[in-house]
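Undergrad: Got a predicted structure here, sequence first:
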Amino acid sequence: MNEKPQTSLNFEEPRPGGGDTGGRGVRLEVDPEGIGWIVFDLPGGKVNKLTTPMMEALRDLLDDAQRRGVAALAFVSGKLDTFMAGADVKEIAGVTDARVGREKSAYGQAVMEAIGRFPRPTAAVIAGACLGGGYELALACDYRVAENRAAVKIGLPEVKLGILPGFGGTQRLPRRAGIRTAFDMILSGKTLPAKPAFRRGLVDAFVPEGMGRQVAAEILTGARRVIPHRPGRTDRLLASVPFARNFVAGKARQALARNLRPDHYPAPFSALEAIVGGYAMGETAAYGNEARLLGEAIVTGTSKNLCWLFEVSSEAKTPVGLSLEGAPRSSRLAVVGAGIMGGGIAWLAGERGLPIRIKDIAPEALESAAHTAGGLWAKNVRRRRLTRNDRDRRVEKLSFTLSYTGFGTVDAAVEAVVENLEVKRKVVAELERVVRDDAIIASNTSSLRIADIAEGARRPERIVGLHFFNPVNRMPLVEVVAGPASAERSVAAAYRLALDLGKTPILVRDGPGFLVNRLLAFYLGEALHLFENGADPVRVDRMLADFGMPMGPYALLDQIGLDVAEKVTHVLEAAFGDRLPPQATLGRLTADGHLGRKSGRGFYVYAGGKQGEVSPEARHAAGSPAGREFTPEDVVDRLVLPMVNEAARCLEEGVVARPLDVDLGMVMGTGFPPFRGGLLRYADARGVGAIAKRLQALAASVDARLAPSEALRARAAGFYEG
């Protein structure tokens, strides 16, 4: 840039001097070759975060390195598996004034520009996660060297926190990797492993593990020649021709609009504006535009809620009332049942490098599970996110059997058979005979009590619930269910396994439907009741999509499978009685073989995998009621507020220990709108007292079942205690 962005008066300018600033997480070391190594090593944590004090210290060290006349400058991490995790999320969440957000962005830009203008060659050595502000720092360097390590993840995921790259990332990445790659990476917030990042031009060198510093030193001293990546001919043409550039930007905007609403998730649209502005404006104006857009995004409710979810996701790693210290780790797994869930669990184990034995009684089921797992890896090979060798290493972790051979060596066995109590008890009994005495047995049941499944077991203390959500490769949640006889060691081992599999676990007490399906039953039950009273499924689904749900309730039922939904409904109706609305549609549809997407007919007709019109069979099953108009407000309140009501009961009963467990469960298990922060975060923002009054009004106008529970009334002063 021709002019350094102005630094806000609210930020203290770094003072001359430098020296040891290790207390702020960064230090300068000069080697005998005269290369200055700036080492990031934030005290008291496993990762480096680009905090304001660290950036102030970094400015000091840049001045110090220049005074000491270093021959070159390299940036490295003193942490295992992390270069820089990005800016401190707590700092982001704490900004409530757009002006302050803009000034923080301008300050970060100034620090990165000081790196970009450093008078000697610069390089970033990436041997771990390099995200957000950390990658913006790497982009400011002359060279980026990435090691071939599994821990390396590179990208600008700021939109996942409701903001956009604000330290120059929207300006530098397009010029390093091209406008199309910049759109793809920044607007989605995706991250890439080292090799795909190298192929896409995000880094300039891809080197063996442990060789990053040596190669960087050779590049900086001229002993090794590496040409920094620059956009290809097509991208240079797009950058230089306004019409072509605007055409590509328009296509990117259309792609965003197909999946996101700007009033729900404004950050990707702002990021697009910042990238395009970088070509239409002068450099100083473009950086100022990025800072302005960052300031506007950082104060939105979307950003605050996404930051909150990020923080509480970390808290989920430490469950309340369960110690993970000394919890046994499961290094060899088995799954019984090679259906959709069993195949998904097999894929997950292979993806995380854990050997798994998959057992079924039908050879075609085993073939289907192998196809499911292999297909997911093949897709990633086509997208260049995996190499063929990476895929082969994952496939090698899977083995298939029609018997229980090999089960004697596993640490954990998961039953994922049909949702039938007697079948599950039979499988548990078989597992008890073949697995080691210290192995845990986990049920992937979605609604049956663990106590019932463990009834009659020789050692019920080692039986727990491990409820994965479908599809396993996409849904991050796992409910870890502690049955009344489950030993703490077994529950802790299951919780540890969920973490090792890369999932977000929540600890749930045994009960019908556990947490997520229990709450979802009230949402879907009210939707079915509306349908039987004349509601149009298309309009209702659209209203809930407008609210932010990934799909409406009828499309969701078809996706789940109406047979599965009916089985769960029977379990929950038996438990909750007239608290759930009466409905007969599911039973009638499933009796006629209309099961949703998998049969081609449910609430909608499906052809070629695409959803069509409302099926006449569904209307007939509902009794062909006369059409009635419902307002969006009534529809959303009748479906969402009963979940809030039931969540209050779950907290009172101790189904989960914390409100944040409800929010994580609903966001990560059902897709409840992340921009709203979760079910109870939404309730808290709307006002629990106001919700109680609204439910009372619905009870008077619709049915007494909608009346606010005593648990909700007791919490009307606020769900959150801190």
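TA: Great, that's in hand.
Undergrad: Contact partners for Arg518?
TA: 511-512, 572, 646, 650, 655 (CB atoms under 8 Å, 6 or more residues apart in numbering). Every residue, glycine included, has its C-beta placed from N, CA and C.
Undergrad: Could I get the full set of helices for the stretch 301-450 of the chain?
TA: 301-315, 340-351, 363-382, 388-395, 421-434, 450-453 (DSSP state H, counting those that start in this stretch).
Undergrad: about what we covered before: may I ask which of the contacts of Arg518 has the most neighbours?
TA: The residue in these with the most neighbours, by other CB atoms under 10 Å, is Glu646 (27 neighbours).
Undergrad: Quick one: residues contacting that residue.
TA: Applying CB under 8 Å, 6+ apart, the residues near Glu646 are 518-519, 522, 579, 709.
Undergrad: Show me this protein divided up by domain.
TA: 22-305, 333-511, 527-586+627-714 (automatic domain parsing).
Undergrad: what mean pLDDT does the longest one have?
TA: Meaning domain 22-305. For domain 22-305, the mean pLDDT works out to 95.
Undergrad: quick one: it to chain centroid distance?
TA: 21 Å (CA atoms, centre = their mean, to the nearest Å).
Undergrad: Which helix or strand contains Leu520?
TA: helix 516-532 (DSSP states H and E).
Undergrad: Against Val568, how distant is Asp437?
TA: 33 Å (CB to CB, to the nearest Å).
Undergrad: Look at those two and report which has more neighbours.
TA: Taking neighbours as other CB under 10 Å, Asp437 and Val568 compare with Val568 leading, 24 against 8.
Undergrad: wait, is the more buried one part of a helix?
TA: Yes. With DSSP: H, G, I helix; E, B strand; the rest coil as the criterion, Val568 is located in a helix.
Undergrad: Quick check, pLDDT for it.
TA: 89.
Undergrad: Help me confirm that it comes into contact with Ser446.
TA: Yes. If you go by CB atoms under 8 Å, Val568 and Ser446 touch, sitting 6.1 Å apart.
Undergrad: what's the overlap in contacts for the two?
TA: With CB under 8 Å, 6+ apart, Val568 and Ser446 have common neighbours 419, 513, 517.
Undergrad: List the contacts of Ala194.
TA: Contacts of Ala194 (CB under 8 Å, 6+ apart): 126, 146-149, 152, 154, 203, 206.
Undergrad: what helices or strands is the helix or strand containing Glu56 leaning on?
TA: Element membership for Glu56 (DSSP H and E) is helix 52-67. Using 3 or more CB pairs under 8 Å, 6 or more residues apart in numbering; DSSP states H and E, the elements in contact with helix 52-67 are strand 26-30, strand 35-40, helix 98-116.
Undergrad: Serialize the helices of the stretch 301-450 of the chain to a markdown table and add fields for mean neighbour count and distance to Gly44.
TA: Output for those, formatted as a markdown table (neighbours: other CB atoms under 10 Å; distance: least, CB to CB, whole Å):
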| stretch | mean neighbour count | distance to Gly44 |
| --- | --- | --- |
| helix 301-315 | 19 | 15 |
| helix 340-351 | 25 | 31 |
| helix 363-382 | 17 | 36 |
| helix 388-395 | 14 | 34 |
| helix 421-434 | 16 | 43 |
| helix 450-453 | 21 | 39 |
